[in-house]
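Enquirer: following is a predicted model, sequence given first.
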Amino acid sequence: MDLQTIITLTLIGLAAGIASGFIGIGGGIIIIPAAIYFLGLSQFEAQGVSLTLMLPPIGILAFYNYYQEGHLSKPLIIYALVMGAAFIIGGFMGSKVALKTPIHWVKIIFGGAMLYVSIKMIISGLKIFLQND
């Protein structure tokens, strides 16, 4: 794994951890789109990596299904571990910031993040749909 990939994985993990600690989002909203757009992973690979990094708290059986179907190779599991370590640090940092931020700003930021990601995913899905027509 090259340095650029390690930096990218670390930045995704930190961003997801900060978002998780700050406004309660991270896995599906940050990690999956970032893994697709910045690492070039497929949707299933990105979902598998996201589940792998959250394995201890929630996803061991879901991870196993993705692994059994061949969507998680050893390098992708390493991706998840690097992002997971950064996610823990980011979660701590994000929660510290959130607890010092007025709640109305946290709600506005959360809503804005959800809206932005929703629009991006809808446009991406429509592009695929229209290409298959």
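Expert: Nice, thanks for sending it over.
Enquirer: spatially central residue for the protein, please.
Expert: By CA atoms, centre = their mean, the chain has its centre lying nearest to residue 31, at 1.2 Å.
Enquirer: longest helix in this protein, by number of residues?
Expert: If you go by DSSP state H, the chain has its longest helix at helix 103-131.
Enquirer: and that helix, how far from the chain's centre?
Expert: Here helix 103-131 shows a centroid-to-chain-centroid distance of 14 Å under the convention CA atoms, centre = their mean, to the nearest Å.
Enquirer: now swap in stretch 78-87 and tell me
Expert: Computed by CA atoms, centre = their mean, the chain-centroid distance of stretch 78-87 equals 10 Å.
Enquirer: now that stretch - C-alpha only, PDB.
Expert: Provided in PDB are the C-alpha atoms of stretch 78-87 (Å, rounded to 0.1, in the frame of the first residue of the first chain):
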ATOM      1  CA  ILE A  78      -6.400  -3.500   5.600                       C
ATOM      2  CA  TYR A  79      -8.100  -0.400   4.100                       C
ATOM      3  CA  ALA A  80     -10.900  -0.800   6.700                       C
ATOM      4  CA  LEU A  81      -8.400  -1.200   9.600                       C
ATOM      5  CA  VAL A  82      -6.500   1.900   8.700                       C
ATOM      6  CA  MET A  83      -9.700   4.000   8.300                       C
ATOM      7  CA  GLY A  84     -11.100   2.400  11.500                       C
ATOM      8  CA  ALA A  85      -8.100   3.600  13.500                       C
ATOM      9  CA  ALA A  86      -8.500   7.100  12.200                       C
ATOM     10  CA  PHE A  87     -12.300   6.900  12.700                       C
END
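Enquirer: and the contacts of it?
Expert: Stretch 78-87 has contacts (CB atoms under 8 Å, 6 or more residues apart in numbering) with 1, 5-6, 9-14, 16-17, 20, 26, 31, 35, 39, 48-50, 52-55. For the C-beta atoms, the positions are set from N, CA and C on the backbone; glycine is no exception.
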